[in-house]
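S.K.: What follows is a protein structure lacking sequence information:
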């Protein structure tokens, strides 16, 4: 384990920008639902307080499988 650093900036009521030594993320949401997008093109939607969340890489959205197209 090492020393970690994180800085968080709140802009308005629903927007938060987080910065740490490895990257940056932007979070939008309120008390029940939060959606986060980081600089590695990962999108996370969370229902706060429940432990339920969904993660996806934005690179994979909307792309067709090239193996299926070549047949």
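M.R.: Good, I have the coordinates. Just so it is clear, the structure is predicted and the values come from calculations on it, not from any experiment.
S.K.: Helix or strand with the lowest mean pLDDT in this protein?
M.R.: Here the helix or strand of the chain ranked lowest by mean pLDDT, DSSP states H and E is helix 66-69, holding a mean of 57.
S.K.: mind listing what residue 11 touches?
M.R.: residue 17 (C-beta atoms under 8 Å, 6 or more residues apart in numbering). Just so you know, the C-beta spots here come from the backbone N, C-alpha and C atoms, and that holds for glycine as well.
S.K.: Equivalent analysis for the one 5 residues further on, please.
M.R.: Taking C-beta under 8 Å, 6+ apart as the contact definition, residue 16 lies against 8-10, 26-28.
S.K.: Return the backbone torsion pair for residue 32.
M.R.: phi -110, psi -40 (degrees, to the nearest 10).
S.K.: change the start of the numbering to 21 and stick with it
M.R.: That works, and once the first residue is 21, the last one we named lands at residue 52.
S.K.: what's near enough to touch it?
M.R.: 67-69.
S.K.: So which of the residues you listed sit within strands?
M.R.: residue 67 (DSSP state E).
S.K.: from the contacts of residue 52, which is closest to residue 59?
M.R.: residue 68 (22.3 Å; C-beta to C-beta).
S.K.: could I get the contacts of residue 52 as TSV with distance to residue 55, neighbour count and pLDDT?
M.R.: Below are the contacts of residue 52 laid out as TSV (distance: C-beta to C-beta, whole Å; neighbours: other C-beta atoms under 10 Å; pLDDT from 0 to 100):
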residue	distance to residue 55	neighbour count	pLDDT
67	11	13	96
68	11	13	92
69	15	8	93
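S.K.: pLDDT weak spots in the protein?
M.R.: 21, 80-91 (pLDDT under 70).
S.K.: got the residue ranges for the strands in it?
M.R.: 26-31, 35-40, 43-49, 53-58, 62-67, 72-77.
S.K.: Which residue, other than its chain neighbours, is closest to residue 66?
M.R.: residue 73 (4.1 Å; C-beta to C-beta, 6 or more residues apart in numbering).
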